[in-house]
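Novice: Sharing a sequence plus its predicted fold:
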Amino acid sequence: MLKWSLAAAFLLLAGSANLASATDDRQFRLSVPDVLAESGLMKYMLPRFTLKTQVRVELVSPGQAAEVALGESGTPVFAGMGRTWSIDVLAPEHKGASRFATWITDTTGQSAITGFRIDGNQPFALPVEKEETAEDRFYDGDRLRGQQVSRVHCGRCHVTARGDEGLGIGSTPSFFALRTFEDWDVRFSSFYVLKPHGAFTQIEDVTEPFPEDRPSPIAPMELTLDDIDAILAYVASIEPAALGAPLTGQ
């Protein structure tokens, strides 16, 4: 009789543990700053999540125990009230929390965010992804050396620095004008294969020597790959010309 009671108690505890686990998976705590909670977005959005997934969400304040947090850290999910809001899953092993993180970043969740209105206005929008710009990229060449190399070699045709406007050839675009091209870095890193540079440019360990029957028409421009890296670093640091709109080219 005692053995049966112990076995029954064990099964009862095991069943209770499984029930608690299942219950936990269907409910989690979401940490939300007061200003966001008071905006009304959570009251509009969370019931839609619960209706779709049967997972309930308990709102708590920052600093309290939570499985998920909306704030500054994590993955950006929406923007509004003068900032971008991110989601941080604090308990990735929690199935309910993970489902919410997936939901809020998919079409259904983001439609719930953009569908929220206050007096006909849409206070929240999807986050704007920052496009990579030339300034965001990293050029590890020697910028000062690049300025010097540019002036010595490229300055024969191009204006390469402020104050050198009297140099170069008038019909040849300045470095500041070339800097307005969206693909300026590609152009500068491969200029030696573009006309007319290939006819008089030699890159150490890269280009073939000039054919004996077709020598360079002008004093050759001899550079290394380090020189090109330096030029890229220099051009990345200069301000593009104010032309009103980016240049386009063939």
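Specialist: Nice, thanks for sending it over. Remember, it's a predicted structure, so these values are computed and weren't measured experimentally.

Novice: give me the low-pLDDT residue ranges for this protein?
Specialist: 1-23, 129-137, 243-250 (pLDDT under 70).

Novice: Which SSE is immediately downstream of the host helix or strand of Pro47?
Specialist: Per DSSP states H and E: Pro47 is located in helix 41-53. The element immediately downstream of helix 41-53 (helix or strand, assigned by DSSP H and E) is strand 56-60.

Novice: Which parts of the protein are helices?
Specialist: If DSSP state H is used as the criterion, the helices of the chain fall at 2-25, 34-37, 41-53, 95-105, 107-115, 143-153, 175-178, 184-189, 225-237.

Novice: Between helix 95-105 and the third one, find me the angle.
Specialist: Between the direction of helix 41-53 and that of helix 95-105, the angle (axes from the mean of the first three to the mean of the last three CA atoms, to 10 degrees) works out to 110 degrees.

Novice: any idea how far the residue nearest to Ser73 when sequence neighbours are not counted lies from Leu70?
Specialist: Excluding the flanking residues, the one nearest Ser73 by CB to CB, 6 or more residues apart in numbering is Asp88, at 4.6 Å. Where you see a C-beta, it was placed from the backbone N, CA and C, and this is true even at glycine. Asp88 sits 8 Å away from Leu70, taking CB to CB, to the nearest Å as the criterion.

Novice: Of the two, which one has the most company?
Specialist: Neighbours per residue (other CB atoms under 10 Å) separate Asp88 from Leu70, with Leu70 holding more: 24 against 15.

Novice: Bridge partners for the more buried one, pull those for me.
Specialist: For Leu70, the residues forming beta bridges with it (DSSP bridges) are Ile87.

Novice: Wait, it touches Arg29, no?
Specialist: No. If you go by CB atoms under 8 Å, Leu70 and Arg29 don't touch, sitting 11.8 Å apart.

Novice: close enough to count as contact, Val68 and Leu30?
Specialist: Yes. Val68 sits in contact with Leu30 when judged by CB under 8 Å, with a separation of 5.0 Å.

Novice: give the contact list for the nearest residue to Leu46 once chain neighbours are set aside.
Specialist: Here the nearest residue to Leu46 in space, its sequence neighbours aside, is Val57; by CB to CB, 6+ apart that works out to 4.9 Å. Counting by CB atoms under 8 Å, 6 or more residues apart in numbering, Val57 makes contact with 27-30, 46, 49-50, 100.

Novice: From the residues you listed, list just the buried residues.
Specialist: Buried members of the contacts of Val57, scored by 16 or more other CB atoms under 10 Å, are 27-30, 46, 49, 100.

Novice: Generate JSON lines for the residues you listed, with distance to Thr201 as supplementary columns.
Specialist: Written out in JSON lines, the entries for those read as follows (distance: CB to CB, whole Å):
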{"residue": "Gln27", "distance to Thr201": "68"}
{"residue": "Phe28", "distance to Thr201": "63"}
{"residue": "Arg29", "distance to Thr201": "64"}
{"residue": "Leu30", "distance to Thr201": "61"}
{"residue": "Leu46", "distance to Thr201": "63"}
{"residue": "Phe49", "distance to Thr201": "61"}
{"residue": "Phe100", "distance to Thr201": "58"}
